[in-house]
Each structure stands twice: as C-alpha cells, then as structure tokens.
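Enquirer: no sequence on this one, just coordinates:
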RNA sequence: GCCCCGAUAGCUCAGGCGGAUAGAGCGACUGCCUCCUAAGCAGUAGGCCGCAGGUUCGAGUCCUGCUCGGGGCGCCA
C-alpha cells in the first residue's frame, strides 16, 4: 500500500480509505488491512466510513466500539479535522481546511491535475460510430459516436494505448442495388449527391427501383455476385461508393469535433479475407459444426425460441458469410494481431445477445482469455414519439447534419444581440451548440433509451454543456479584466475562508476519481456529472466571493482557485470532446 | 415460450461495493442585475423509488414472484 498522504492523487476518498484501513488494521490486527473502508459522501460531514458495522460480526465486536477506536486514530491524522461516531457506528469525517487547501495547491501545480496515469497501461480497441455506407447518419449514430469518442479521450489521457475502430457497414447484399443505381445515375451525379449528404435520396431511389423493376432487381443480384467474386470493375464502383460516403462522414465528424478520421476505418470488408480461415479454425477446434447446411457455433447457455440450442451462423448454407463471421474475425484480429488487452464495443443495446454469444464463442475458441477483457457498452436506442424503436423509413428520420445545424442555430439565436461581429458570433454559437448537443447525450447513462426531444437535447440552460462552458467563460473574464493569463497561475497558496471556497476546492479534488470512473464501464456520464457539480460549486462561489475586489492575500488565493477550476473544467470538457469558447 | 434492459417528483433523468432525512435539471411559484457575464444565483412547492414477499442491524440498491414498457431469439446487418 502506498503512503496515504503522499503520491499523486488528490482524491480525498482514496486518502481517507487508506487512513481507515490503517486504523482498522492497527485496532483489529493485520488480517483486517484489506478490509473495505466503505468511504461514502455524507450529509453530516465531508465523508463517512461505514466500515465498523460491516466488520463487527467478523471481529465479534460491537460496531460502535470499533468505530470509536478507529475514529480516535483518524482524528489524529493531519488530513482530518474531526472524526465522530454516530448512530449504529457511522464515522463522520471532516477534512482539515488546510489539508484541502494544500491538496488543491498541489493539484494546481500538477500538469495532470491530480489524475495519475494508469499503473498498468493497456492496449484498448474501442469500436464505435459505425455508420453504413450509402445510408444517412441519423440521430441514432450520435450517442455511439460521442460516447466512444469520450471513452477514447479518457483512456488515452490515462496513458492507455487506444485503437479507434470505426466498423462501418461497407459490405453486404444491399450493395447490389446501390451499385446498379450508381451506374444508372452516373458516377459524377452520384458523387455530388452523396457528398452533399443526400444519401437517403440515393438509397431510397435504389430501393424503389429494386422493388418496382424486376429487371433492375435481377441486375442487382448479379452485381452482388460480381462484388463477392472480386470482379475488378465492380470493386472499382464499390470503392467509389464507399469513398463518397466516407467523405460525408468526415464532414460530420469534423463538425462534431470527433477524433475519428479515415485512418480509423475498420470496415466490415477489411475482414473478408480472414473469414474462411476463421471458419476453418473454429471448425477444427470443434467449436463450429455444420447444421442445416450452415456452419454454426452453439455457445452453451443460449437457447432459441423453441428451446433448442441457439446458434451464431458463421457461414450460410449458400456459402456466404454473415456478420457473425465478421465479428468473430474482428475479435481474433484485434486480440491476436493487434495485441489488445481490452475490447470495448460502443454499440446499440439491441446487439446485446449478439455480443454475448460472440464473446462466448471467442472464449470457447481461446481467442478471449482471462487476460483479455471484452465489453459490450450498450447504447440505448432512440425511440419515436410512440415509444417504439425509431425507424428511419417514411422520411421520419432526423439527419445528424440537420441536428447539428439546429443546435448551432439555437445557440446563435441566444447571442444574436450580444455580439456584433458575425464571425465571432458564429464561432461561439458553434462551440455552444455542439457542446449542448454532445453534453445532452453524454450526461445521461449511455444505455438509457430515450424519446427524441430536441428541446432537451439542445437545451442551453440548466444542466447542460453551455452551463459548464459559461462557468469557464466567466473565469476567463475575471482573468481578462485583471490582465492576467490563467495558465500562468500555477501555485497557491490557497486559503479557504468561506464555505463556498471550501466546497469548491473539495469538489475539485475528486477529479481523478471521476475520470477513472469513466473507464470502468465506458460511462462518460459520470465525468459529466462531476463537472456539473464543479461548475455548480463555482457559480455559488462566484456569487458569494468577489475575486478582483478582495484584499491581497485572499485575492491571490481566489485567483488560484479560479485558475484551478478553469483547468479542471476545460480539461474535463476536453475529455468529453467538448470545446470551450473564450467568451460567451 | 425463453433471455436481456427498464419502471425514482408534472416532464427528462442521476443515484460505485446495501448506509442515516432519496438528488439534479426542466416546468410552476417568490425574490435577486449601481457590484468580476442573469446561458446565472438564492429560495418554495412537488415522492407508495411499478406491486407483493424475502434476506439483515439497515433495501431505491441484493434475492424470488408478478404487472407494465422496450429490445432480442437460424441463415438481414
């Protein structure tokens, strides 16, 4: 165990946890050194430890007696102002003001703001976004894209090596009709339409012809065969189609400020050459068997509608490969060739069964071992007004690009009278609108299903991205008025004269824990909630504590606290992929 | 039929590994711009945590059953 009062972390819970563990071990014996200190936020103090009650039975002592002994030892620690027993054995712990102030000063001086790098860096493949070629990116792609992006940023900042994998759908039978339609309209016209984002028009026209024109349908079927058999001209057309829509994704990603680039494409077709070998290996391992003419794997514990074993279908009876095979190939490739320690699939919750089965088969095959962790991070579906799954048919879909436009327009509307310069106005509106949009999706649990509500998603007041951006802008404004560069303020001393200052400083110390929490289950909303608490604590401080007008020692301290708050907000929002405008 | 997810304030949602009096935003209602940005702040009202049992010192949280909603379950991806 590390020294509880040393090390890089500023996290009070970690520090108190170590203190409680040490005290428990001293009172009850070394066998108790690893007991969970059960540190929780408290309504009655800064924190409480509930350890005494859980240890009472094991130690055959009365919980209050244990609590008294531990509390006495805690009270002697420099970090602790008071430790008192209450109720059945709660230990209410308040931290010393000068300890909080010292930690905050250290955090300000630390380039990493008290967030240590991972002790054991991993190589992590994060699979997210995954739009389909020649299909519109709609609102349903927003969350997987921004959640994946935030997870990637957090993992990288913690020192992990991240491989971004945009598993776009660029293969399958629908390409027959798309390619025939491409030939009909001409390459240039198709390019213009696709690059302009008129993707659904293109797709629906192709689909219409497929349904109405038997000759077209027949051509399409033949085209699929040509594609799969590697006919050079067909491949050329296919690449054209893929390239055109990739260009369109890129513009969306750039507008959203998402890290994905062409270099991160890991399309379905990438695995085509591996599929036969994947099937062979699974078959030779005895994991896959022929059933009704198809090559299937039957992972234990999965049963179908009629109670029979439930398969994944690797190779269809017609010899073609399905997406089960592609995903198996991707797992094998990512673990064996890329050397991944962890796989995170930020993919819709409707794929839960699929991933459970895929992972199970990969374990049977020995591709996933105890050393490799595979997570499906389910993304909740977007529902229509009827509460049911949001379907993109019948023109009811919301294009992601329109949503972005709307977000920026709404933000610009708010500041229309505030900034004369249209360029500046647009830049602010862009940062704020995109910030609102992304935060709106990042601040809820990623698997919560939701009815699309633009007013909620694009809100500019309350617990929103702009609220956090606004707090940062106000801090910058303070420094601007003082003619100071906030980045230059790197040291205290910080003094905590008021409750608002203390509450803000204490809150800031939890930054590292909040960042860490994101990686546990790929949940950026935990960081979002923390940042909202920080901004909220700051605005209370802002209302109550004049900074520039304060007398000298207090002024310096408050400037330091502001500088620290700004850096935590900007860094934290950056980890969520949200930019912060200089002014608002 | 089986499996997964959900049900918390009027609405949208948070609630690490079980802790004391269940939180936030929006909406409603009261106040607050001679003062570092009112995209803000302070406050009030609003709860059978779906229902019924169980586990235990203690359950929104864990277990069982049920109700309702969503999703999934052999050759689409």
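Expert: Structure's in. What do you need? As the structure is a computational prediction, the values presented were derived from the model and not from experiment.

Enquirer: Pop out the phi and psi values for the residue in chain A that RNA strand B sits nearest to.
Expert: With C-beta to the nearest atom of the strand, the shortest gap between chain A and RNA strand B falls at residue A:462, namely 2.3 Å. C-beta coordinates here come from the backbone N, C-alpha and C atoms, glycine included. Dihedral angles phi and psi of residue A:462 (degrees, to the nearest 10) take the values phi 90, psi -150.

Enquirer: Which pLDDT value goes with residue A:394?
Expert: Per-residue confidence at residue A:394 stands at 42 (pLDDT).

Enquirer: Below-threshold pLDDT in chain A: ranges please.
Expert: A:1-8, A:385, A:390-397 (pLDDT under 70).

Enquirer: mind giving me the domain ranges of chain A?
Expert: Segmentation of chain A into domains, based on automatic domain parsing, reads A:12-95, A:174-260, A:268-379, A:465-575.

Enquirer: Just to be sure, residue A:40 is in a strand?
Expert: Yes. The assignment for residue A:40, made by DSSP: H, G, I helix; E, B strand; the rest coil, places it in a strand.

Enquirer: With adjacent residues omitted, what lies nearest to it?
Expert: residue A:48 (5.6 Å; C-beta to C-beta, 6 or more residues apart in numbering).

Enquirer: Show me what the one you found bridges to in the sheet.
Expert: Note on residue A:48: beta-bridge partners by DSSP bridges are residue A:40, residue A:92.

Enquirer: what number of residues lie near it?
Expert: Counted with other C-beta atoms under 10 Å, the neighbours of residue A:48 add up to 22.

Enquirer: repeat for residue A:211
Expert: Here the neighbour count serves as a burial measure; for residue A:211 (other C-beta under 10 Å) it reads 11.

Enquirer: With residue A:177 as the reference, measure out to the nearest residue to it once chain neighbours are set aside.
Expert: In space, residue A:211 comes closest to residue A:217 once its chain neighbours are excluded; the distance is 7.8 Å by C-beta to C-beta, 6+ apart. As for residue A:217, its distance to residue A:177 is 8 Å (criterion: C-beta to C-beta, to the nearest Å).

Enquirer: Need the overlap of contacts for these two.
Expert: Counting by C-beta atoms under 8 Å, 6 or more residues apart in numbering, the shared contacts of residue A:217 and residue A:177 are residue A:210.

Enquirer: who has more neighbours, those two?
Expert: Higher neighbour count among residue A:217 and residue A:177: residue A:177, with 25 against 16, using other C-beta under 10 Å.

Enquirer: Was I right to think that one contacts residue A:220?
Expert: Yes. Here residue A:177 reaches residue A:220: they are 4.0 Å apart, a contact under C-beta atoms under 8 Å.

Enquirer: Quick check: neighbours shared by the two?
Expert: Counting by C-beta under 8 Å, 6+ apart, the residues touching both residue A:177 and residue A:220 are residue A:210.

Enquirer: can you give me the helices for the stretch 201-350 of chain A?
Expert: In the stretch 201-350 of chain A, helices defined by DSSP state H, counting those that start in this stretch lie at A:214-228, A:232-256, A:272-284, A:323-332, listed in chain order.

Enquirer: Adding distance to RNA strand B, write these out as CSV.
Expert: As requested, the helices of the stretch 201-350 of chain A are exported to CSV (distance: least, C-beta to the nearest atom of the strand, whole Å):
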stretch, distance to RNA strand B
helix A:214-228, 10
helix A:232-256, 14
helix A:272-284, 11
helix A:323-332, 4
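
Enquirer: winner for burial among these?
Expert: Each of those was scored by mean neighbour count; the highest is helix A:323-332, a mean of 24, by mean count of other C-beta atoms under 10 Å.

Enquirer: hmm, back to that, reformat the domains of chain A as TSV; add distance to residue A:449.
Expert: Putting the domains of chain A into TSV (distance: least, C-beta to C-beta, whole Å) gives the following:
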stretch	distance to residue A:449
domain A:12-95	29
domain A:174-260	22
domain A:268-379	8
domain A:465-575	14
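
Enquirer: Ok, which of those domains comes nearest residue A:134?
Expert: With distances scored as C-beta to C-beta, the stretch of the domains of chain A nearest to residue A:134 is domain A:174-260 (5.0 Å).

Enquirer: next one: that closest one to chain centre, how far?
Expert: Domain A:174-260 has its C-alpha centroid displaced from the chain centroid by 31 Å (C-alpha atoms, centre = their mean, to the nearest Å).

Enquirer: The residue nearest to residue A:40 and residue A:39 touch, don't they?
Expert: Yes. Assessed by C-beta under 8 Å, residue A:48 is found in contact with residue A:39 at 7.5 Å.

Enquirer: Among the helices of the stretch 201-350 of chain A, which comes closest to residue A:61?
Expert: Across the helices of the stretch 201-350 of chain A, the minimum distance to residue A:61, taken as C-beta to C-beta, is reached by helix A:323-332, at 50.1 Å.

Enquirer: could you check the angle helix A:272-284 makes with that closest one?
Expert: Interaxial angle, helix A:323-332 versus helix A:272-284 (axes from the mean of the first three to the mean of the last three C-alpha atoms, to 10 degrees): 90 degrees.

Enquirer: Can you give me the end-to-end span of stretch A:153-162?
Expert: Using C-alpha to C-alpha, to the nearest Å, the end-to-end distance of stretch A:153-162 comes to 9 Å.

Enquirer: Which parts of it count as buried, going by neighbours?
Expert: Judged by neighbour count using 16 or more other C-beta atoms under 10 Å, the buried positions of stretch A:153-162 are A:153-158, A:160, A:162.

Enquirer: again with stretch A:420-436
Expert: Judged by neighbour count using 16+ other C-beta under 10 Å, the buried positions of stretch A:420-436 are A:425-426, A:428-436.

Enquirer: from those residues, which are also near RNA strand B?
Expert: A:428, A:432 (C-beta under 7 Å from any atom of the strand).

Enquirer: Identify, from the buried residues of stretch A:420-436, the entry nearest to residue A:407.
Expert: Each of the buried residues of stretch A:420-436 was scored against residue A:407 by C-beta to C-beta, and residue A:433 proved nearest at 3.7 Å.
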